[in-house]
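Chemist: Provided below are the primary sequence and the corresponding predicted coordinates.
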Amino acid sequence: MPSYKLSEIAARLGLQLELKSPEDDIVITGINTLEEAGPSELSFLANPKYASQLASTKAGAVIVKPDHKDEVARALVTDNPYPMFAQALTLFARPQGSFSGVSHMACVSPDAQLGEGCSVYPFCYVAPRAVLGKGCTIFPGCYIGEDCVLGDGCVLYPNVVLMAGTVLGNGCVIQPGAVLGAEGFGFARTGEGIKKVPQIGHVELGNKVEIGANAAIDRAALSTTLVGDGTCIDNLVQVGHNVRIGKDCLIVSQVGISGSTHVGDNVTMAGQAGVSGHLHIGSNSTIGPQAGVAKDIAEGQVVGGSPTVDYNTYLRNATLMPKLPELFKRVARLEKEMGHKPITVSKTDRSLVALWNRWLSVMHLR
Amino acid sequence: MPSYKLSEIAARLGLQLELKSPEDDIVITGINTLEEAGPSELSFLANPKYASQLASTKAGAVIVKPDHKDEVARALVTDNPYPMFAQALTLFARPQGSFSGVSHMACVSPDAQLGEGCSVYPFCYVAPRAVLGKGCTIFPGCYIGEDCVLGDGCVLYPNVVLMAGTVLGNGCVIQPGAVLGAEGFGFARTGEGIKKVPQIGHVELGNKVEIGANAAIDRAALSTTLVGDGTCIDNLVQVGHNVRIGKDCLIVSQVGISGSTHVGDNVTMAGQAGVSGHLHIGSNSTIGPQAGVAKDIAEGQVVGGSPTVDYNTYLRNATLMPKLPELFKRVARLEKEMGHKPITVSKTDRSLVALWNRWLSVMHLR
Amino acid sequence: MPSYKLSEIAARLGLQLELKSPEDDIVITGINTLEEAGPSELSFLANPKYASQLASTKAGAVIVKPDHKDEVARALVTDNPYPMFAQALTLFARPQGSFSGVSHMACVSPDAQLGEGCSVYPFCYVAPRAVLGKGCTIFPGCYIGEDCVLGDGCVLYPNVVLMAGTVLGNGCVIQPGAVLGAEGFGFARTGEGIKKVPQIGHVELGNKVEIGANAAIDRAALSTTLVGDGTCIDNLVQVGHNVRIGKDCLIVSQVGISGSTHVGDNVTMAGQAGVSGHLHIGSNSTIGPQAGVAKDIAEGQVVGGSPTVDYNTYLRNATLMPKLPELFKRVARLEKEMGHKPITVSKTDRSLVALWNRWLSVMHLR
């Protein structure tokens, strides 16, 4: 990682540097939290909740608001520490990759077009009629199929697969192992067994779309599976055929979205949520972790649970669920007082214990 | 994509062409839904529910039943529009890949056997004693380990991994990034820490099996992890060691099946369902989305929920869950009327709100 | 697979061989369960529950305790059959890979360092300043980024990606397609849309860590995402940025752990469980299948459900859930007897049926 003198960081970010002596202009080698930073690292205080950590931090210097500048050995002063910290991070970002040019160990079709300043690493395959914009970087092991179109400044990390006809806007970043444009799961049960329906569409990403590691975005049966500008999709997410996702959505890891569902703008889906097919998910809505969405979601709605209920009911149920066994007893007591015959609820099903042991996948060879 | 004159499509599919004038024999460049088709695209009406769309569609031509032939500008007439549409799709399917032969940039062991008409793209590795049937296509970045056997006409899309000893029947299609034959999760906790149990088995697929992108089918501890003829497995599915899946099953995205479970024929598992290990899942059964299966499932059973209950109970509970807070109040009221001391149920646990914010993985650096 | 005479197996494992005649020293070609073993295979009896299978097994020989030695044709006798069986497995383990040396079809930076006895297969990319210990094996299609450090005896199966700065201890095994060090999901919603926060940290694994196929371990925003010695992570698991996992944990397939959560030692997480971010999961705790963890978990705690409750409540609720519709009726009956106005609970929401059909992703083209 690179290193900088404090004064250089201050100059680059336009921050006011408060040092007690000129010897305090030390060399900074990284960035870390107040808790973990060492004497050659820079830290920051954005949330006043953590102000007490200023006393104990070992950080070499801290980005702070003016009113905290005297509480640290060396202060970089600003009214907005968080964005300044984020900018400082870019100074220290570990470079990924150091190759440039088009490797002779890559296989680039003479019928493909590469924009100015593209880098294609060894072991990449670029098929005929693929078109890459300016300044794209294609890491080792990537596959770019026929008729793919990439905008300017796209980055494909190692082992990314773009099947034929995939379209990327400008500035898209695809993490390692992601697969765009694999065949949608188009199988229909018929009297004569399962029939495969050819998937003749493609995948299209807007500008500045981010796709996570080992995610899978299937190509449309017909026309287009669409991901809008600025939307960020995390690792291991599944997006089915003909799904359309709007702008600036955050789709967290291991979410699954079934075929033909349309998602609006600014939607957030928490980890492991699942969305059924052919639904409309309104803009600005939020879908909780592990939620199972089986119905349309209105604009701005917040839902949780599987199947989903509204947020407040979800929270209330989460509070009540541990009381459910007691509720059964309370009702039985009332019934007894009313002279009803007792209703037996079977004992706890201990066969469920097996669930635990079995699912743990600890081997039980005989 | 290829293009065809309407008369050529009619001839190839054996459809009756109804045109108002010879100039109506236009060039068709693709297929789309009635809603989205443009004037050079073909569409179809299979479900009478959508018949009203015939009036507004911009499709250049439509595959319809005889009774609708006069409602569209250009009609391709058949008694069974859907299968004809599916067949028309194959005419327009975007070709994936355009290379043939065995690339000198691949690494094929001299001790491997390739059947007639196989294509092996650059950057593929085919290990000693691997045997490929006739007409297999191996896209870039695939690994075929020692002693693998592939039937005729198998397609491995880019970056597929077959570990040593994997067996594929005829006509199998493996989507990009899928891994077959990785080591099963064979770890046992012992007094001296975790012991790894060697996984000496392999994976075997029947004929016409489809495996989705980035799916993982582990090799058996002993003998065989089996997937039967015609079974289709979607993206990001996990199949544990020694699992045996029957014929014509549909296993939707992100399902996980734990080790040694046996699945019958014609089983459907919806997205994100999980199945515990060492279970028997009867033929023709259906497992709902996000279901958690902890017990054997009988033939033809339909189950949902986690842990699973029968389908009707699942649906009923889904209806009742939003009423659970009210039920607690109703019981409290009855108790009050019976002169009981009030039972306090704690307030909604607002710490769960944190679940939302935390799980959303929006960064909270201090 | 290799084969051995029975006497050779006995000698190698230090077992007592009991044969009825010298001709009984047959050649053994594999290992299998009592149920499935054939006449040239070795089996074992560890669990007395399966002793009755000794009568019917077709196994050529069986590893048994002394008191069972007369019940089988050919016995290998030991007081501890299970560990002996596990050791026997290693004799029959199918070799994965047969290449050695550094391939001229790999791309290894002259600035990388390879320890003695490393094998680097074709189509691997080893970036500048990467350092590999002794005896590492790097299968085809792997990417090892800048400044990565691998201990001795690490195995990277095909298509593994280690982004820049990833550190592995000794004896780590990474299954095919796993991605270590991809960018953490660091996106913050701001007034001006989503801002990406650079992820400048890295991933570090202890000794003898195992990572499953197509798993994703994200690099830290700052400092380190950590996986401790001996921890085993299964296929398709997601580990977020800045997560720290202790020693000897078992993390089963499709689990997701959100950013900055700290996990103790000897923790077990069952399949498809999800853990929210910024939590502490105590040592020796167990998290059930599909559980949703939204709060800290104490040392030794066992939890299930989403959101999680303690194990016994989880089991009790699992027993009671099928009785929930009945409970609603019971309360209604009591209310009627108390002279209350009936409270209508809506009919079962049949729109949920759509959940099934839709989620099944069976295609519904119009």
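Modeler: It's in. Numbers count the residues shown, from 1 in each chain, chains lettered A, B, ... in the order given.
Chemist: next, see if stretch A:287-307 gets close to chain B.
Modeler: Yes - against chain B, stretch A:287-307 shows contacts by C-beta under 8 Å from any C-beta of the partner chain at A:288, A:289, A:290, A:292, A:294, A:304, A:305, A:306, A:307. Using the backbone N, CA and C atoms, a C-beta is placed for each residue, glycine as well.
Chemist: let me see the mean pLDDT of that stretch.
Modeler: Across stretch A:287-307, the average pLDDT comes to 93.
Chemist: can you check stretch A:201-221 too?
Modeler: 97.
Chemist: and residue A:341, how close does it get to chain B?
Modeler: Separation of residue A:341 from chain B (C-beta to the nearest C-beta, to the nearest Å) stands at 18 Å.
Chemist: repeat for residue A:323
Modeler: Residue A:323 sits 6 Å away from chain B, going by C-beta to the nearest C-beta.
Chemist: burial count for the closest residue to that residue other than its chain neighbours?
Modeler: Leaving aside its chain neighbours, residue A:323 sits nearest to residue B:345 (5.7 Å; criterion: C-beta to C-beta, 6 or more residues apart in numbering or on different chains). When neighbours are counted by other C-beta atoms under 10 Å in any protein chain shown, residue B:345 registers 17.
Chemist: next one: residue A:25
Modeler: 16.
Chemist: residue A:40 too?
Modeler: With other C-beta under 10 Å as criterion, residue A:40 counts 15.
Chemist: tell me if I'm right that it and residue A:31 touch.
Modeler: No - in this structure, residue A:40 is not within contact of residue A:31 by C-beta atoms under 8 Å, at 10.7 Å.
Chemist: if we can go back for a sec, got the contact list for the residue nearest to residue A:323?
Modeler: A:319, A:320, A:323, B:328 (C-beta atoms under 8 Å, 6 or more residues apart in numbering or on different chains).
Chemist: where's it, which helix or strand?
Modeler: Using DSSP states H and E, no element contains residue B:345; it sits outside every helix and strand.
Chemist: how close does the closest residue to residue A:39 other than its chain neighbours sit to residue A:26?
Modeler: Leaving aside its sequence neighbours, residue A:39 sits nearest to residue A:60 (C-beta to C-beta, 6+ apart; 4.9 Å). Relative to residue A:26, residue A:60 is positioned 6 Å away (C-beta to C-beta, to the nearest Å).
Chemist: look at these two and report which has more neighbours.
Modeler: residue A:60 (23 against 16).
Chemist: list the contacts of that one.
Modeler: Per C-beta under 8 Å, 6+ apart, neighbours of residue A:60: A:6, A:26, A:28, A:37, A:38, A:39, A:40, A:41, A:42, A:73, A:74.
Chemist: surely the fourth one meets residue A:61?
Modeler: No - with contact taken as C-beta under 8 Å, residue A:37 and residue A:61 are classed as non-touching, separated by 9.1 Å.
Chemist: show me the domain layout of chain A.
Modeler: Per automatic domain parsing, the structural domains of chain A span A:4-92, A:107-312.
Chemist: by mean pLDDT, show me the worst of those.
Modeler: Of all the domains of chain A, domain A:4-92 has the smallest average pLDDT, which comes to a mean of 91.
Chemist: okay, the domains of chain A, which one's buried deepest?
Modeler: When you average the neighbours per residue for each of these (mean count of other C-beta atoms under 10 Å in any protein chain shown), domain A:107-312 leads with a mean of 24.
Chemist: how far away from the center of its chain is that domain?
Modeler: 12 Å (C-alpha atoms, centre = their mean, to the nearest Å).
Chemist: now the end-to-end length of that domain.
Modeler: End-to-end distance of domain A:107-312 (C-alpha to C-alpha, to the nearest Å): 55 Å.
Chemist: again, but for stretch A:106-115
Modeler: 16 Å.
Chemist: check whether it comes near chain B.
Modeler: Yes - against chain B, stretch A:106-115 shows contacts by C-beta under 8 Å from any C-beta at residue A:107.
Chemist: who touches that stretch?
Modeler: Against stretch A:106-115 from outside (C-beta under 8 Å, 6+ apart): A:102, A:120-136, A:138, A:144, A:152, B:103, B:105, B:122-123, B:140.
Chemist: residue A:136 contacts residue A:124, doesn't it?
Modeler: No - when contacts are counted by C-beta under 8 Å, residue A:136 is not listed as touching residue A:124 (10.9 Å).
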